[in-house]
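1. Sharing a model that was predicted from the sequence below.
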Amino acid sequence: VQLLESGGGLVQPGGSLRLACAASGFPFSSAAMSWARQPPNEEPEWVSGIDNDGTTYYTASVRGRFTISRDNAKNMVYLRMNNLKPEDTAVYYCAIGGSWQEIKREDYWGQGTQVTVSS
């Protein structure tokens, strides 16, 4: 299993980024996928998930600002982040599973991509 994230960077408050995760080594089209993040000096937290049928889920703090999507033909999952806030600063991880419980059970994570929101 490989999960490779990209797209992080430094952005000003109110800005946007799109994260991408390239997946391989497992039946991607039948797997639920998630994005999780770990802010500095804090525990990891689940951010968003997408089922294999495209149903999406979000934690309350990002709902309305973030959009998760997937492209099963390319084995890719994306996270579009709009109206970014300083509290969104974190290392963002792609993971197998559609919820915090599932990703802990599956325990497959990418290496992470840093997102820093600062003026």
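-> Received the coordinates, thanks.
2. For the most centrally placed residue in the chain, identify the helix or strand it belongs to.
-> Among the residues of the chain, the one closest to the centroid is W35, at 2.4 Å (C-alpha atoms, centre = their mean). Using DSSP states H and E, W35 falls within strand 33-38.
3. quick one: the strands in this structure?
-> 2-6, 9-11, 17-24, 33-38, 45-50, 56-58, 66-71, 76-81, 90-96, 113-117 (DSSP state E).
4. List just the one of the ones you listed that sits closest to E106.
-> strand 90-96 (4.4 Å; C-beta to C-beta). Any C-beta I mention is one placed from the backbone N, CA and C, and that applies to glycine too.
5. Quick one: mean pLDDT for that closest one?
-> Strand 90-96 comes out with an average pLDDT of 97.
6. next one: stretch 6-16
-> Mean predicted confidence for stretch 6-16 is 98.
7. residues in contact with the residue lying closest to R18 once chain neighbours are set aside?
-> Excluding the flanking residues, the one nearest R18 by C-beta to C-beta, 6 or more residues apart in numbering is R80, at 5.0 Å. Taking C-beta atoms under 8 Å, 6 or more residues apart in numbering, we find R80 in contact with 16-18, 66-69.
8. pLDDT score for E106?
-> 88.
9. Based on its surroundings, how many neighbours for it?
-> For E106, the neighbour count with other C-beta atoms under 10 Å is 17.
10. swap in the one 10 residues further on?
-> Other residues lying near T116 total 15 when counted by other C-beta under 10 Å.
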